[in-house]
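In: predicted model follows, preceded by the sequence.
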Amino acid sequence: MEFHEIDRMAKKLGADIFGVADLDLLREYETFPENLLDSFDFGISIGVKLPDPLFDMLPDSRNLYSRYYVVANDMLDRIAFEISRAIESEGYEALPIPASKVLSDLHWRSYVSHKAIARAAGVGWVGRNLLLITPQFGPRVRLASVLTDMPLKAGKPARNRCGVCRECIDSCITQALRYSEFDDYPERDEVFEVDKCAAKLKEFASNPDIGTMVCGICIKVCPWGKLGNKTKGN
Ligand code: SF4
Ligand code: SF4
């Protein structure tokens, strides 16, 4: 299989975003287990966009957002699974990494950063809200990844395009985000108090009408996500 065949397969299964990262750019990143990337050369990044009103109507739409957050994650896991099976059938290794599997023992990190893979693939940049920001949909996407040793054409890392914006910092409901000067990739501990955010997400998850650790405000306010609304019908 070649890049465009996997891209086509992902889009047919419902992906809105697709890219390939050279994992040599990510070897120093923390993963679980530590040697997770050792047998793989490339990371495939897949993204699914959530409908705009789920964000535009927050906080009132938080229960709906929580439902479709789960639907989008399931969809991504299915796409990653199907792509992995297709790659394996060609005689290569492929490991799907699920869309939302936070490991609390790793202080709210996952097996590998989907955002780091997506950024290295050129799919988008990591914004001041520590989310992946795509030029098409801003942060209104969920991500999954597939690690593989199949030779693929990798993209180039995306440059940060937040500019002087600090909407997400000013709108965070727990003041968990901090401004910091950085070139391309913010250091999480410098810009984000994860415990403040996680406490609020746990509170939302304990509400039976929500039931999932979602907030969405720092997604809603990002101007790159609102751009999609402005260009509708043009
Ligand atoms: S998810 Fe909510 S609490 Fe967490 S950083 Fe974003 S706005 Fe703040
Ligand atoms: S709201 Fe502004 S600062 Fe925050 S991620 Fe979006 S563009 Fe960057």
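Out: Happy to help now that I have it. Ligands and ions are numbered 1, 2, ... in the order given.

In: can we go C-alpha only for contacts and neighbour counts from here?
Out: Will do.

In: what about the residue nearest to residue 220 when sequence neighbours are not counted, how many residues close to it?
Out: With sequence-adjacent residues excluded and distances taken as Cα to Cα, 6 or more residues apart in numbering, residue 220 is closest to residue 55, at 5.0 Å. Other residues within reach of residue 55 by the criterion other Cα atoms under 10 Å amount to 24.

In: what is the helix or strand containing residue 75 packed up against?
Out: When secondary structure is defined by DSSP states H and E, residue 75 falls within helix 62-88. Packed against helix 62-88 by the contact rule (3 or more Cα pairs under 8 Å, 6 or more residues apart in numbering; DSSP states H and E) you find helix 3-12, strand 42-49, helix 52-56, strand 94-97, strand 141-148.

In: mind giving me the packing neighbours of the last one?
Out: If I follow you right, that is strand 141-148. For strand 141-148, the helices and strands in contact under the criterion 3+ Cα pairs under 8 Å, 6+ apart are strand 42-49, helix 62-88, strand 94-97, helix 114-121.

In: the same query, at a cut-off of 10 Å, please.
Out: Other elements packing on strand 141-148 under the criterion 3 or more Cα pairs under 10 Å, 6 or more residues apart in numbering; DSSP states H and E are strand 17-22, strand 42-49, helix 62-88, strand 94-97, helix 114-121, strand 132-133.

In: just the first one next, same as before
Out: Taking 3+ Cα pairs under 10 Å, 6+ apart as the contact definition, the neighbouring helices and strands of helix 3-12 are strand 17-22, strand 42-49, helix 62-88.

In: now do it, average pLDDT.
Out: Computed over helix 3-12, the mean pLDDT rounds to 93.

In: can you give me the buried ones in that helix?
Out: By neighbour count with 16 or more other Cα atoms under 10 Å, helix 3-12 contains the buried residues 3, 6, 7, 9, 10, 11.

In: check the third one too.
Out: For helix 52-56, burial by neighbour count (16+ other Cα under 10 Å) applies to 54, 55, 56.

In: contacting residues for the second one?
Out: Read it as residue 55. For residue 55, the set of contacting residues under the criterion of Cα atoms under 10 Å, 6 or more residues apart in numbering consists of 61-62, 64-65, 140, 215-221, 225-226.
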